[in-house]
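**Q** coords please:
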Amino acid sequence: MNKIYLYTFITMIAIISVINIAFYWTAKDTLIKNETEINLNISKNIKETVENNQKSVEVFEGLLSQRLYTDSLVINHQLPSDVKQVTHAQLQVLADQLKLEGIAVMVPDQKWFNLVQSTSSAEVGTNSKMWGDKWNRMFFQLINDKNVTLEPSFGEAYSHFWAAPVETSYNFPDKIFLTGYYYDGTKNYIIEPICNGQQLIDFQKTAGVDSAINRFMKNNLSIKEISVLNFNRLTGDFKLTPGELWKNQLAFHNREIIAGTYHYESPLDKTFATKAVQQNKTINRIVSIHGKQILQFFIPIQIEIEGNTNQYKTIIISSVDYSQISSDLRKDMIQMSLVVILCFIFCFVLIYLLFRLIRKQGKLLTEINHLYAEKVNTLYQTIREYRHDVTNHIFTLQGLLSLRKYSDAETYIKQLTKVNRETSAIVNIHIPAFIGLIQVKVAESIEKNIQFEYQFKEFEYLELDIEKTTNLVKVIGNLLNNSFYEVEKNEVGHRSVSITGTAEERKLQFRIQNNGSMIPSHLIEKIFEFGYTTKNEGSGIGLASAKKIIEQYKGSITVNSNQEWTTFTIELPLSKKEFVPASIRKEKSG
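**A** Here you go, the predicted structure:
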């Protein structure tokens, strides 16, 4: 054993010597390669951040568009059908109520639209002539077809509605707005709700690429600057007129400097950037800028937005303090040598301890094997007992069936599976999808000790199509899931959920109740908003989607919550085809 220790020690000394010699010659190149790898990783993160930021902006813009769409429905309902009857006061009251930047109405002319009334007097009498053909093309689509066909990266579209991309206003070039346009044919004008786009700009500043760059630089002190540039800026093809400087705040492909700063600039940047883009690889150089030795990396990246990468050429210039690298090299060499020595000392001690530990393993393994054998025997005995019980159950069932006591056999099976309630009443629903849903919830209620009651009246006379049935099952299933989730917080014996369905001519009603926690009155409306949830792992789309489905069928959903019960009530209109009238029932029964 002593010879093993000696050979191990000699081998470690030899390895340490070889490593130190190799490290001396390769450390410099290694550090530069490491720096290159760090910057490449940063560039990948920046690329992902830019793309994710743009996606987030699109989602944010989409949420604003949805808000404008909802506001448009309210405005359309409140305003008169004739544009001549629309007043400034009416628009101002609606804008204040809906917390909008403003509201305007406009009517078509030959090739553009005239703004005939607005909350802003500066807009009254102006037109969309200078807004561009693309905008006017959308407006005429809305007027002629009551809907628009979206063009790539140009707004959002809903039923009878188009939300324009975030832009400045021709009448207010120093501000940024998100505007919507609504027309469903009930008015002789287009409604234009206007939302302030500054919150979108603030969102980009707060959660955008610059914050990520600051974090990267904070974690890598040798990096003096990171510049994310539009490649066309370096080639001189990118020009902005003074009136277009606002574009620097919008989509990244419209900006000169996409993110970061660009102070470490030199005349050869264009040459190296062009070479990096053409060869599609990272180029580095050492240059003196502002009296400092700077190691620069020119890293080309392709930004993917909406599946398109070709037109979005971007160059990242990372400027690193080269003197810092040299200093780090010396420190790293010393630290690496010490770390290697310490590691080998640690390994030597560890090997020594392992050899001593191995001596004790024989006895320990024997004890473990003995204990394992005992556990296996216990497990085997448990399995035999379980098998014996199962065999008894099988013989009991076989005896009942051989005596043709089917009812007793069924009762025995229900006792074994702890299903003590009758499910035959579920069949009265006469809708397979609802039968399946209720059966699942019955089984779940038994497992979770929940008192679950259900009652469906006149459902045998319903004749709903598959799509509507499926959508209703989604809605009811979601509400029952939420109810089960809430009552599980109660003690066993105090968990109650019920559902009542009533069908009658021209109306279908559901009432889902649970005795879970009371919903505060100020949250009644909020629970139906997209993204709002009280669950730890919830998505916040269940109730919002349910409400949307119900409204799609021109129905309603209301909530009443107190200390004892929370009740969701759904009412849906039924057409003549969806419910068999009493007169026809009598004819069939006769």
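
**Q** ok, now which ones touch Ser81?
**A** Shown in contact with Ser81 (CB atoms under 8 Å, 6 or more residues apart in numbering): 186-188. C-beta here means a position set from N, CA and C on the backbone, and glycine is covered the same way.

**Q** confirm it sits in a strand?
**A** No: Ser81: not assigned to a strand; according to DSSP: H, G, I helix; E, B strand; the rest coil it is coil.

**Q** how close does it get to Gly180?
**A** 19 Å (CB to CB, to the nearest Å).

**Q** go on, Gln552?
**A** Taken as CB to CB, the span from Gln552 to Gly180 is 21 Å.

**Q** what residues are up against Leu480?
**A** For Leu480, the contact set (CB under 8 Å, 6+ apart) comprises 437, 441, 497, 499, 512.

**Q** now, among those residues, which is nearest to Ala163?
**A** Ala163 lies nearest to Ile512 out of the contacts of Leu480, by CB to CB, at 34.8 Å.

**Q** all helices for the stretch 451-590 of the chain, in order.
**A** Counting by DSSP state H, counting those that start in this stretch, the segments of the stretch 451-590 of the chain that form helices are 466-487, 542-552, 582-589.

**Q** the longest one to helix 542-552, inter-axis angle?
**A** Taking axes from the mean of the first three to the mean of the last three CA atoms, to 10 degrees, helix 466-487 and helix 542-552 form an angle of 150 degrees between their directions.

**Q** backbone phi and psi for Ser319, please?
**A** phi -110, psi 120 (degrees, to the nearest 10).

**Q** off-centre distance for stretch 39-56?
**A** 18 Å (CA atoms, centre = their mean, to the nearest Å).

**Q** circling back: let's have the helices of the stretch 451-590 of the chain in CSV, adding mean pLDDT.
**A** Below are these laid out as CSV (pLDDT from 0 to 100):
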stretch, mean pLDDT
helix 466-487, 89
helix 542-552, 89
helix 582-589, 61
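
**Q** nearest to Gln97, of the ones you listed?
**A** Across these, closest to Gln97 is helix 542-552 (CB to CB), at 20.8 Å.

**Q** residues of the closest one that come out buried?
**A** 542-547, 549-550 (16 or more other CB atoms under 10 Å).

**Q** stretch 553-560 now?
**A** Across stretch 553-560, burial judged by 16+ other CB under 10 Å covers 553, 555, 557, 559.

**Q** name the nearest of those relative to Glu525.
**A** For these, the residue nearest Glu525 by CB to CB is Val559; the value is 8.8 Å.

**Q** quick check: that closest one vs Leu472, distance?
**A** In terms of CB to CB, Val559 sits 18 Å off from Leu472.

**Q** over to Gln293?
**A** Distance of Gln293 to Leu472, computed by CB to CB: 72 Å.

**Q** which residue of the two possesses the greater neighbour count?
**A** The residue with more neighbours, out of Gln293 and Leu472, is Leu472; 25 against 15, by other CB atoms under 10 Å.

**Q** contacting residues around that one?
**A** Contact analysis of Leu472 by CB under 8 Å, 6+ apart lists 434, 464, 549, 572.

**Q** Phe140 contacts Met106, doesn't it?
**A** No: contact criterion CB atoms under 8 Å: Phe140 and Met106 do not qualify, at 11.9 Å.

**Q** if you count surrounding residues, which of those two has more?
**A** Met106 (24 against 15).

**Q** if we can go back for a sec, distance to Ile13 added to the contacts of Leu472, as CSV?
**A** Shown next, in CSV, are those (distance: CB to CB, whole Å):
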residue, distance to Ile13
Phe434, 79
Leu464, 84
Ile549, 75
Leu572, 85
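
**Q** closest one of the residues you listed to Lys47?
**A** Ile549 (38.6 Å).

**Q** now the buried members of the contacts of Ser81.
**A** In those, burial by neighbour count holds for Lys187, counting by 16+ other CB under 10 Å.

**Q** show me which of the contacts of Ser81 is closest to Gln278.
**A** Closest approach to Gln278 among the contacts of Ser81 (CB to CB): Lys187, at 55.6 Å.

**Q** now the closest residue to the closest one other than its chain neighbours: how far from Gly185?
**A** Excluding the flanking residues, the one nearest Lys187 by CB to CB, 6 or more residues apart in numbering is Ser81, at 5.2 Å. Here the criterion is CB to CB. By it, Ser81 lies 10 Å from Gly185.

**Q** again with Ser43
**A** Distance, Ser43 to Gly185, by CB to CB: 52 Å.

**Q** kindly report the same for Lys175.
**A** Taking CB to CB as the measure, Lys175 falls 31 Å from Gly185.

**Q** the more surrounded of those two?
**A** Lys175 (14 against 8).

**Q** and the pLDDT at that one?
**A** pLDDT, Lys175: 71.

**Q** ok, now Gln141?
**A** On the pLDDT scale, Gln141 gets 92.

**Q** then Asn136?
**A** Asn136 is given a pLDDT of 90.

**Q** residues in contact with it?
**A** So Asn136 contacts 111-113, 128-129 (CB under 8 Å, 6+ apart).

**Q** now distance to Ser266 and pLDDT too, for those, in JSON lines please.
**A** Shown next, in JSON lines, are those (distance: CB to CB, whole Å; pLDDT from 0 to 100):
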{"residue": "Lys111", "distance to Ser266": "50", "pLDDT": "88"}
{"residue": "Trp112", "distance to Ser266": "48", "pLDDT": "91"}
{"residue": "Phe113", "distance to Ser266": "50", "pLDDT": "94"}
{"residue": "Ser128", "distance to Ser266": "46", "pLDDT": "88"}
{"residue": "Lys129", "distance to Ser266": "46", "pLDDT": "85"}
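
**Q** so can I have TSV of these showing neighbour count and distance to Val59?
**A** Below are those laid out as TSV (neighbours: other CB atoms under 10 Å; distance: CB to CB, whole Å):
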residue	neighbour count	distance to Val59
Lys111	11	35
Trp112	17	32
Phe113	25	29
Ser128	18	28
Lys129	14	33
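
**Q** just those now: which is nearest Thr30?
**A** For the contacts of Asn136, the nearest to Thr30 is Ser128 (61.9 Å; CB to CB).

**Q** surely the closest one meets Val107?
**A** No: counting by CB under 8 Å, Ser128 does not reach Val107; the two are 10.8 Å apart.

**Q** which stretches in this protein count as helices?
**A** Along the chain, the stretches classed as helices by DSSP state H are 2-78, 88-98, 133-145, 198-207, 209-219, 231-235, 269-279, 322-402, 406-416, 432-447, 466-487, 542-552, 582-589.

**Q** partner residues bridging Thr179?
**A** Assessed by DSSP bridges, Thr179 has beta-bridge partners Ile194.

**Q** so who does the residue lying closest to Gly180 once chain neighbours are set aside touch?
**A** Spatial nearest neighbour of Gly180, chain neighbours left out: Leu68 (3.5 Å); criterion: CB to CB, 6+ apart. When contacts are counted by CB under 8 Å, 6+ apart, Leu68 touches 161, 163, 178-180, 193, 195.

**Q** enumerate the positions of stretch 256-265 that are buried.
**A** 256, 258-260, 262, 264.

**Q** got a pLDDT number for Ile305?
**A** So Ile305 comes in at 59 (pLDDT).

**Q** how far out from the middle of the chain is stretch 72-83?
**A** Distance of stretch 72-83 from its chain centroid, counting by CA atoms, centre = their mean, is 34 Å.
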